[in-house]
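*Asks:* this one's structure only:
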């Protein structure tokens, strides 16, 4: 039997990228975030509000999906791999500055990055700061007597501005993920090809090789 080119091709070598616990945290957080944003859109845009109706139910969905947002993160702390990646995200390496300079110049070619590049670290830090702001201002709107010194109008303003910023950043995150099929595969299955990792996260590949 004559072997074809396809039958003799070696399978791509895969690297484990995310544990099952990390993928579950990401999916739960993403689901709650999208649910919260969808409910907010139905509350703020009249055409959507008229289409959906049942305003009280939408308000309840928005409030509770927002309050539950930190829960997947807190549960994920029980995972060693999740805690290890949090430490990676919380620390900028010298080569991350080079990645940022290349990103500002829109320079072509590979950019130095560990398991997470500088953009992903900034994104994670920004979301980690924005979610507590949203929770705090949301509670002030819900329970106005908590801090009477802060007016409900001020809480609404900060909540709305931060919500708009989150929506724009999340849409940008989705756009970048849509353009990178291998990155989506890593979050879906937990593994990525070595070729993709070497191109996009070369310092991470070197770290794995040194273990």
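*Replies:* Nice, thanks for sending it over. Keep in mind that what you see is a predicted model, and the values were worked out from it rather than measured.
*Asks:* and the residue nearest the centre of the chain, what does it touch?
*Replies:* By CA atoms, centre = their mean, the chain has its centre lying nearest to residue 124, at 6.5 Å. Residue 124 makes contact with 89, 116, according to CB atoms under 8 Å, 6 or more residues apart in numbering. The C-beta positions use only the backbone N, C-alpha and C, and glycine is treated the same way.
*Asks:* that one and residue 48, how far apart?
*Replies:* To residue 48, residue 124 is 30 Å away according to CB to CB, to the nearest Å.
*Asks:* again, but for residue 183
*Replies:* 31 Å.
*Asks:* which element, helix or strand, includes the residue nearest to the centre of the chain?
*Replies:* Here residue 124 sits within helix 118-142, counting by DSSP states H and E.
*Asks:* tell me the buried residues in that helix?
*Replies:* The neighbour-count check on helix 118-142 (16 or more other CB atoms under 10 Å) flags 118-121, 123-124, 127, 131, 133-134, 136-140 as buried.
*Asks:* same question, stretch 191-210
*Replies:* 191-193, 196-197, 200-205.
*Asks:* next one: stretch 22-42 to chain centre, how far?
*Replies:* Mean C-alpha position of stretch 22-42 versus that of the full chain (CA atoms, centre = their mean, to the nearest Å) differs by 10 Å.
*Asks:* same deal with stretch 69-76?
*Replies:* 13 Å.
*Asks:* contacts for that stretch?
*Replies:* 21-22, 24-25, 28-29, 32-33, 36, 82, 131-132, 135.
*Asks:* repeat that for stretch 147-161.
*Replies:* Residues contacting stretch 147-161 (CB under 8 Å, 6+ apart): 133-134, 137-138, 140-141, 144.
*Asks:* hmm, which of these is lowest in pLDDT?
*Replies:* Note: of the contacts of stretch 147-161, the lowest pLDDT belongs to residue 144, at 76.
*Asks:* shaky segments in this protein?
*Replies:* Applying pLDDT under 70 to the chain flags residues 1-11.
*Asks:* mind checking the longest helix of it?
*Replies:* Selection of the longest helix in the chain by residue count, based on DSSP state H, yields helix 152-179.
*Asks:* so where do the helices sit in this structure?
*Replies:* Going by DSSP H, the chain shows helices at 5-8, 20-44, 46-52, 55-67, 70-76, 80-89, 94-105, 118-142, 152-179, 181-189, 194-200, 202-210.
*Asks:* got those as JSON lines, with distance to residue 112 columns?
*Replies:* As requested, those are exported to JSON lines (distance: least, CB to CB, whole Å):
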{"stretch": "helix 5-8", "distance to residue 112": "35"}
{"stretch": "helix 20-44", "distance to residue 112": "23"}
{"stretch": "helix 46-52", "distance to residue 112": "43"}
{"stretch": "helix 55-67", "distance to residue 112": "37"}
{"stretch": "helix 70-76", "distance to residue 112": "27"}
{"stretch": "helix 80-89", "distance to residue 112": "14"}
{"stretch": "helix 94-105", "distance to residue 112": "4"}
{"stretch": "helix 118-142", "distance to residue 112": "9"}
{"stretch": "helix 152-179", "distance to residue 112": "18"}
{"stretch": "helix 181-189", "distance to residue 112": "17"}
{"stretch": "helix 194-200", "distance to residue 112": "10"}
{"stretch": "helix 202-210", "distance to residue 112": "6"}
